[in-house]
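Asker: Sharing a model prediction with you, sequence too.
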Amino acid sequence: GECVRTACLVLNNLSVPIENKAVMALGQWGDRLLAALVSIMRRDLPETYLCCTCLANLTFLPDAVGIAINFVPPVAANNMS
């Protein structure tokens, strides 16, 4: 909804400055941020393009490229076989 869209827009704006990229991608909550972005993309929500843009912004930081490429999203308990 509107809250998801607003959050994605804010994250996109925050992911532009180089000093923010390191905190967002490499910081303590980086894995949760990636998981949230991937979760939105998996559900094919209208905000998916914002998540893709945010990921692209974050990967302009060379140290974040490997983290983004090697990220494995957590599996939800109801998706386990």
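Answerer: The structure has been received and is ready for your questions.

Asker: Got phi/psi on Arg43?
Answerer: Note on Arg43: its backbone torsions stand at phi -80, psi 0 [degrees, to the nearest 10].

Asker: now it: how far from Leu33?
Answerer: 16 Å (CB to CB, to the nearest Å). For every residue, glycine as well, the C-beta is placed using N, CA and C.

Asker: Also Gly66?
Answerer: 16 Å.

Asker: just to revisit the earlier point, quick one: which of Arg43 and Leu33 has more around it?
Answerer: The residue with more neighbours, out of Arg43 and Leu33, is Leu33; 18 against 10, by other CB atoms under 10 Å.

Asker: and Ser25, what element?
Answerer: Rather than Ser, residue 25 is Ala. Here Ala25, judged by DSSP states H and E, is contained in helix 18-26.

Asker: Can you give the contact residues for that helix?
Answerer: Counting by CB atoms under 8 Å, 6 or more residues apart in numbering, helix 18-26 makes contact with 11, 14-15, 30, 33-34, 57-61, 63-64, 67-68, all of which sit outside it.

Asker: now the next helix or strand after it: how far from the chain's centre is it?
Answerer: Remark: after helix 18-26, the chain's next helix or strand is helix 30-42, criterion DSSP H and E. The chain centre lies 5 Å from the centre of helix 30-42; the measure is CA atoms, centre = their mean, to the nearest Å.

Asker: try stretch 17-27
Answerer: Using CA atoms, centre = their mean, we find the averaged C-alpha position of stretch 17-27 to lie 12 Å away from the chain's own average C-alpha position.
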